[in-house]
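J.: Provided below are the primary sequence and the corresponding predicted coordinates.
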Amino acid sequence: MASSLTCAGVVWAFLSFLCAAASCVGFFMPYWLLGSQLEKSVSFGTFRRCSYPVRDETRQTTVMVEQCGRYASFQAIPSAEWRICTVVTGLGCGLLLLVALTALMGCCVSELISRTVGRVAGGIQFLGGKCSCGEGLAE
């Protein structure tokens, strides 16, 4: 198995993959914010929520739905900031995963990653990491 990476490149590839996987799992989990509402534990992320209030029109009251799920549509996400955060975080995770998988392929295929490609990939990872952090959009 030929590799186009140095020892540092192999370590970078595996760490990149682990970080990209952790970012993607964090993006898909609804546990960004935890709290309680109507004496029930609630949590939500950018596009998923658990235990959320719903208006019961027949009884004219608000009841808690105790299940996890996605918002019905993109517009159903509570605020413009959270919609922006969903898009930016999703793009960041996608960039991180693309670079990580390319780096892992570089461990198995010779001449796949040159010094220039490695530098560009590192720059893309930096941008992806900045996008995944959201830079305070939800504040």
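T.: It's in.
J.: which residue packs closest to Arg55, ignoring adjacent ones?
T.: Among residues not flanking Arg55 along the chain, Thr62 sits closest, at 5.7 Å (CB to CB, 6 or more residues apart in numbering). Backbone N, C-alpha and C define where each C-beta goes, glycine included.
J.: got it, and Met64?
T.: For Met64, the nearest residue in space outside its immediate sequence neighbours is Lys40; the separation is 4.6 Å by CB to CB, 6+ apart.
J.: and the one you found, what pLDDT?
T.: On pLDDT, Lys40 comes in at 79.
J.: what helix or strand is the residue nearest the centre of the chain on?
T.: Among the residues of the chain, the smallest C-alpha distance to the mean C-alpha position (CA atoms, centre = their mean) belongs to Phe27, namely 2.9 Å. With secondary structure defined by DSSP states H and E, Phe27 is part of helix 7-28.
J.: any idea of the mean pLDDT in the helix or strand following that helix?
T.: Downstream of helix 7-28, the first helix or strand assigned by DSSP H and E is strand 33-37. What strand 33-37 shows for mean pLDDT is 78.
J.: Paired strands for strand 33-37, with orientation please.
T.: With DSSP bridges as the criterion, the sheet partners recorded for strand 33-37 are strand 40-44 (antiparallel).
J.: correct me, but the residue nearest to the centre of the chain touches Thr46?
T.: Yes - contact criterion CB atoms under 8 Å: Phe27 and Thr46 qualify, at 7.3 Å.
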